[in-house]
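>>> A structural model of the following input is requested.
(2 chains)
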Amino acid sequence: MMEPQEEKPIIYTMENKPIVTCAGDQALFTSLYTPLAQQLPREPMEWKRSYGRAPKMIHLEANFVQFKEELLPKEGNKALLTFPFLHIYWTDCCDTEVYKASVRDNMMRWQGNLRLHGSADWVIVVVETSDAKKKNKTNILPRSSLVDKIRNDFCNKQNDRCVVLSDPLKNSSRSQESWSAFLLKLRTLLLMSFTQNLGRFEEDMRTLREKRNQPGWSFCDYFMVQEELAFVFEMLQQFEDALLQYDELDALFTQYVLNFGAGDGANWLGSFCSPVKSWTGLLLRRPIDMEKRDGIQRGQASLLELRSYLFCRQCTLLIFLQRPWEVTQRALELLHNCVQELCLLEVSMLEGALDCWVFLSCLEVLHRIEGCCDQAQLEANVSHTVGLWAYATDKLKSLGYMCGLVSERGPLSLELNRTVDLLAGLGDEKAETVHSLQSPYKKLKEALSSVEAFERHYLELSHAAVEMYTAIGRMRSARLVGKSLAEFYMRKGDPEQAESFLQNALGSYVSEGWSLPVTHTRKQMAECQKLLGKTENYLQTSALLAGDANLTNEERIHFCQEILTFADQSTDSKAQKVALSMSYFAQLKQLQFRPATATVHSGTALQVELCLRSLMPVAVPLEQLAASVHFNLEQGETNGKTRGPQRRPYPGTVLFPLGNSSAMPPSAAVPSLELEEIQDRSPSDPRTLNSTGMVCKNTHLVMRRRDSSPSPDTPNLVSPVPVVMEDGAKMLMSGDVTLLPGNNSIVFSVPSQELGTYTLRQLCATVGQVQFVLPHISPLVQYEVYSQEPQLTVEPLTDQLLAGLPQRAKVRLQTGHYTVKKGDALQLTNIDSIPILTSSSCPATIFNSTAERVDESVLFIQSSDKVTSISLPPTPPYHTLEFQLEVLCVIPSDPVRPENQRLTNGEIHHRPRSYSHPDNHMTAINQRMSVDCPWSIYSTPISLTFYIPFKAKHSLLSAGNRKYIQVCLQNVSDVNFHLMDQRLTEKHHESSLELQSLNTKAHQLVCSKQSVYCVWDVRWKENMPVCLQCVFSASFSSASEEVSAFKPYHYEFQLERVTTLYSVRAEIMPAAGQQNCHSGSLCGLEMSITRLAEPDDDEEDDGGTEEKGQTETEEVCSTKLMYEVAGSSWVVYGRSSGLVSMPADANANHRVQVELMPLFAGHLPFPDIKVFKYLPPSANSASQPDTDSCVENGMLSLIDRPLDDQGDTASFCSQGSVHSVGSGEQQSRVLPMPRLEPFSPGQVFNHSQGCQVLVLPSTDDCVLEINAT
Amino acid sequence: MHQVRLQIKGSDEARYSYSIDVQISAVLQYWSKPKNYPLFIRSVPVQNELKFHYTVHTSLDVVEEKISAVGKAMADQRELYLGLLYPTEDYKVYGYVTNSKVKFVIVVDSSNTSLRDNEIRSMFRKLHNSFTDVMCNPFYNPGDTIQSKAFDSIVSAMMVQAS
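Alright, predicted model coming up:
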């Protein structure tokens, strides 16, 4: 509580009201005071402001005091709080005499006083009561006249300065009206006064501010002036405006300090630069800290005091404004700003004093806020307060370090002295907080008093800050506080507590990839782990640090040396070696197989070259580098299903993608998506696609939650990876390797004895007691060891092998696991149709598994009757032996061969299957050989396909009785051939037969796809044999070959019933009396059938003998023939066919006449005349089912004829149908049916074949038929 | 040589920040790949670099808080400049977030008074433009640390100017 100054009324903020003086009738005023004071603030007034400030609604209150002359402000007094804004003269005089006698003079004096002080804000209130009127009846003037009088006397043209208040104490409507009018007037005048006086004040203040650059200007003086304005605004409850005044002061001061920093120092700032002696912190419990205010007024305040006072006032106003969270924000800014300003002004201060001040201030602000908010509000606004907590924590920590309260041994005397000095600057505790148990002052004092108390307070604050940060989700900030807590614990020698905090922080930095903080925290971690004796963790951390590029080389070497020192310790007990993750010791960069295919046959040397990038700063000698290999007995060949892209040929080099250097820990990098296309095909038809899509193969990596589960790559966060090397696994070893910094190349020889797939799983580097293990090698690294059976293949050298000519075939022998020894031979079983052309020796080439030519050798081929033996040169396993064989496939002259042929080895030799080549219609012959190989007891079948280059056709041509044989030889291959020596021979060499060649050329060229025709005249002396078995033979050779070795070609064929039996001669005669035939008119066809040979000699084949039997039994001397006339240009009138009975004697003739009508004019070919053998139904033939089918076939063949002879065939069809209907199916077996049998081509000779007759158009009418289609 | 690679990535994951100590002209700049991973960081007083890193890292808390404070609907029109993230005794930390959630952070020495809000704002804008250029480079793989010389020189120029 401050002492009020004598001449001033008590200034007590919030209770201050604008002062209004009352003169005149004090008793009257006293009677009216209560209603007046009550009613004045009841209604708001609009306050219009100057300088464009927004108008405000304001509730006016006033402090009514008795008028005294002393109250009037003297010249130059800037105090606004004590300024009387309005002066009221009260009178209830209604008597003119009284007025003239006393009241008037009194008023005059009052006004004179006011005028003397330049105060124009006054009002005269005339109170009228009805009682008063009654009292003085004689001198009663009308009320208005007295008021007029007063107005006349005083209110010089200011009529509103005189107000009448009627019957104020009565409860009448008139009284109320009068009151409200009065109050309105009063408020208006008050506001006018405010506007005027404040405006004047502000004007003065502004003028004063403009002088700020003049010498002698003092900020403190100005401060007092502007604060006065702030007070008034506060008094008027305009806190916003009041705050504005302080903010302006704040900004002005800040600007001066900044200018000072820039070298523009104002004199008055000197007082603020003086050394700070007191650091009591903010005091926010009082609305006004008069102590500090006085200091400012006297110009003796320090910077901290000024700032404290200013902030205290701002804080008060902000809390009035219900903005407590702005307080915390401003507080933090203020504290930071003060620190900067003190530094800028170079104010000397005891070390740590500022920390004390900040600490106290933080807590004071927090206490103040806690005092005005409830718990729920506080919790909801932690984000506003947490900064102060953290700042306080920080400051307390640095105080603790400064005063030696953090070390294990306790404070030194120097530090104790410092503590004493600091505490001295705090002074005594302020009266307000003396009784509070938790005041900031007490806290600080206690914290600095002992190590234990400090720890308690520091931990309390830290944990509070961490909790708050965590609560609002500022995890990073929380971890940073946690980390400084860890530092504290480390200083206290308590690494157990520190570890978890460090781990948290490290995890955060690692997961977000902040390398510098990672390195720093990791270093602290290493220290902590070393103290804790967590050897494995420490070694792992050391390994990380040794490979950390952010550290200096010395540091890295230090950590590397730590590992090596441990590794060199010879532990007596053969304890488990310490297994560490390899990823930070060395990185596997690349892995290379030699040979690059990574697939070898068993027993071959396979090498793996590792490229390890050592991250260590120095060379590290490894006792051993081992890679464990998983062996899987899965044979590559037997694995039938394709494994998709995994089965792609292994590149010889596997690269291991890694995060680039240590700047980016791999754990922070997101694994890239491994996408693969999938296609779902329907099982029935692999060409149709059911669906297709993309599949992410590594979802388990990509989708892995990052925050909750620490990556196993960060070894500090988890217990060491379970990296025990698999027992029993195959190992690749390499001893005594020295890993130099950077890339190293290590070569392993890989075991490849057993067959199967080998997968490299782990890598382990052993350094003394330490093992660095790479638990998984990813991507998958595999190699395969396989074994192969020997294989023998024969394939043609050319596109296709031609039969009949010597052809070359390539024999390839893949030795596989078999070693071809000297003396091994292939035994080929000979087949007659393909002799191996033995050239007794032929060159052979040996290739190794990578198809490189290794050796050349010569083969010896020995042929015996049954077997061709090819002696092989010695060949190592997994090599390929290649040589060429010349083979010849004999063209079979007759396609009909015996069904089966037994080969010498007992296998059934299937008859070479002939089929046509799809492209060129060459007949193919599949030839199979069997080969006995030395490595197997079974024979290897080999199949070769040959193509016959020729096709031969034969035909019998007749001319009356003379016969010719024509052979057409077609070259169906793509090769041109020379042909010579075509010959036709009769197989049985009948002496009577003579085949005379009509061919002129002996030597001919048959081009590809062309034919050669050869004709022979057949002559015979005696009887013509019924069956001629002929062989056409020719020699051919490829036209492209230089030296043509002609090979024979044979074509066997058989001709039967060669002799001409009948000759048919036809003649067309025009109608009687006409020269020519006319279309549309009938003409006659005379056909004469003549027997040329005896029937007995006729037939010797099976059908013939049967028929002969028939003729003998039924009709001895005649043969029945059936003729048929048909022609597309002719219409047959009457029967187109008929039966003719031919007498058996030679030259028997039969004539038939048929009527025809030509359909067209022109040279028309004669109609076709066909002659069939008619076999009458007989019991014999009926009993044979063959004849049945024969008849049916005959009928069918007749019915099946083209449609154009429909006219003729109608009768035939009807005949046939009569038979079939008449007989019926069942009867057909009983009743014999007649048969028709065609003659062989040479048996009937038609003389008029190819004859034409001239047909003239019909004379009578011209019918032109136009068919429009 | 750079490799052109197409990478699909949630833009939300892209973070980037930047920090500048103006008094001694330091620029730190960061982007994060998984989350808040530094993309580019530069500070001129090397002796204080560690402290900068801690400061920038911690400031991401406030950046995230400010981003999430803005309603999702408003996210499209939100101001990219986040203003002063928080003051410390030594530094002022300013933040800026692009629409693709790339964060820029500038750290200015508290004693530097020549840089007002407007200057910081324009610095951010310049940075953003330059960063956009970097992203437009077809050889730049989004998410990699920035090694662009042009970007670097712009940052350097800004720091020289600011100091």
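>>> next helix or strand past the one helix or strand B:Asn129 maps to?
Secondary-structure assignment from DSSP states H and E places B:Asn129 in helix B:117-136. Beyond helix B:117-136 on the C-terminal side, the first helix or strand identified by DSSP H and E is helix B:149-162.
>>> And that following helix, what's buried?
For helix B:149-162, the neighbour count (16 or more other C-beta atoms under 10 Å in any protein chain shown) marks B:151-152, B:154-155, B:158-159, B:162 as buried. To be clear about C-beta, it is placed using only N, CA and C from the backbone, and glycine gets the same treatment.
>>> As a markdown table, these with pLDDT would be great.
Supplementary listing: these in a markdown table, determined by pLDDT from 0 to 100:
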| residue | pLDDT |
| --- | --- |
| B:Phe151 | 87 |
| B:Asp152 | 86 |
| B:Ile154 | 86 |
| B:Val155 | 84 |
| B:Met158 | 82 |
| B:Met159 | 79 |
| B:Ala162 | 67 |
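>>> Quickly name whichever of the residues you listed is closest to A:Val327.
Distance to A:Val327, by C-beta to C-beta, is smallest for B:Ala162 among these, at 32.0 Å.
>>> I'd like the distance between the nearest residue to A:Leu283 once chain neighbours are set aside and A:Glu432.
Nearest residue to A:Leu283, sequence neighbours excluded (C-beta to C-beta, 6 or more residues apart in numbering or on different chains): A:Asp289, at 5.5 Å. Taking C-beta to C-beta, to the nearest Å as the measure, A:Asp289 falls 10 Å from A:Glu432.
>>> between the two, who's got more neighbours?
Using other C-beta atoms under 10 Å in any protein chain shown as the criterion, A:Asp289 and A:Glu432 rank with A:Asp289 on top: 22 against 12.
>>> on contacts alone, who are the packing partners of the helix holding B:Asn129?
In this structure, helix B:117-136 packs against strand B:15-21, strand B:81-87, strand B:91-97, strand B:103-109, helix B:149-162, with contacts taken as 3 or more C-beta pairs under 8 Å, 6 or more residues apart in numbering or on different chains; DSSP states H and E.
>>> out of those, which comes closest to chain A?
strand B:81-87 (5.0 Å; C-beta to the nearest C-beta).
>>> can you tell me which residues contact the residue nearest to A:Leu283?
Under the criterion of C-beta atoms under 8 Å, 6 or more residues apart in numbering or on different chains, the contact list for A:Asp289 reads A:283, A:308-309, A:312.
>>> do A:Ile746 as well
A:Ile746 touches A:609-610, A:612, A:625, A:734, A:737, counting by C-beta under 8 Å, 6+ apart.
>>> Determine the residues that are contacts of both of A:Asp289 and A:Glu432.
Shared between the contact lists of A:Asp289 and A:Glu432 (criterion: C-beta under 8 Å, 6+ apart) are residues A:Leu283.
>>> so what's residue 92 closest to, chain neighbours aside?
I'll assume chain A. Once flanking residues are discounted, A:Asp92 sits nearest to A:Val127: 4.1 Å by C-beta to C-beta, 6+ apart.
>>> looking at chain B here, not the other one
B:Val108 (4.8 Å).
>>> Tell me the secondary structure of A:Ser348, please.
Three-state call for A:Ser348 (DSSP: H, G, I helix; E, B strand; the rest coil): coil.
>>> Hmm, A:Leu303 and it touching each other?
No: with contact taken as C-beta atoms under 8 Å, A:Ser348 and A:Leu303 are classed as non-touching, separated by 11.6 Å.
>>> of those two, who's got more company?
A:Leu303 (21 against 11).
>>> Now the more buried one, what are its backbone angles?
Comment: the main-chain dihedrals of A:Leu303 come out as phi -60, psi -40, following degrees, to the nearest 10.
>>> Need the pLDDT of the nearest residue in space to it that is not next to it in sequence.
If the residues on either side of it in the chain are set aside, A:Leu303 comes closest to A:Phe272, at 4.3 Å by C-beta to C-beta, 6+ apart. We have a pLDDT of 80 for A:Phe272.
>>> if we can go back for a sec, need the contacts of A:Asp289 in JSON lines with neighbour count, can you?
Formatted as JSON lines, the entries for the contacts of A:Asp289 read as follows, by neighbours: other C-beta atoms under 10 Å in any protein chain shown:
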{"residue": "A:Leu283", "neighbour count": "23"}
{"residue": "A:Ser308", "neighbour count": "25"}
{"residue": "A:Tyr309", "neighbour count": "25"}
{"residue": "A:Cys312", "neighbour count": "23"}
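>>> Give the buried residues for the helix or strand encompassing A:Glu291.
When secondary structure is defined by DSSP H and E, A:Glu291 falls within helix A:290-297. Going by neighbour count (16+ other C-beta under 10 Å), the buried part of helix A:290-297 is A:292-293, A:295-296.
>>> Got the phi and psi for the nearest residue to A:Cys155 once chain neighbours are set aside?
Nearest in space to A:Cys155, with sequence neighbours left out and distances taken as C-beta to C-beta, 6+ apart, is A:Arg161 at 4.4 Å. With angles defined as degrees, to the nearest 10, A:Arg161 shows backbone torsions of phi -80, psi 0.
>>> Just confirm A:Arg161 contacts A:Phe154, I think it does.
Yes: look at A:Arg161 against A:Phe154 with C-beta under 8 Å: they come within range, at 7.1 Å.
>>> any shared contact partners between these two?
Taking C-beta under 8 Å, 6+ apart as the contact criterion, the common neighbours of A:Arg161 and A:Phe154 are A:Ile124.
>>> what's the pLDDT at the residue nearest in space to the middle of chain B?
By C-alpha atoms, centre = their mean, the mean C-alpha position of chain B lies nearest to B:Phe104, the distance being 1.9 Å. As summarised for this prediction, B:Phe104 has a pLDDT of 86.
>>> is it true that it touches B:Val93?
No: because the distance of 11.2 Å does not satisfy C-beta under 8 Å, B:Phe104 is recorded as not touching B:Val93.
>>> what about residue 56, how many neighbours?
Since you didn't name a chain, this refers to chain A. Residues near A:Lys56, counting by other C-beta under 10 Å: 15.
>>> Chain B is the one I meant
If you count neighbours by other C-beta under 10 Å, B:Val56 ends up with 30.
>>> what packs against whatever helix or strand it lives in?
Assessed by DSSP H and E, B:Val56 sits inside helix B:49-69. Using 3+ C-beta pairs under 8 Å, 6+ apart as the contact definition, the elements that helix B:49-69 packs against are helix A:475-491, helix A:515-532, strand B:15-21, strand B:26-32, strand B:81-87, strand B:91-97, strand B:103-109.
>>> Right, I'll call it a day here.
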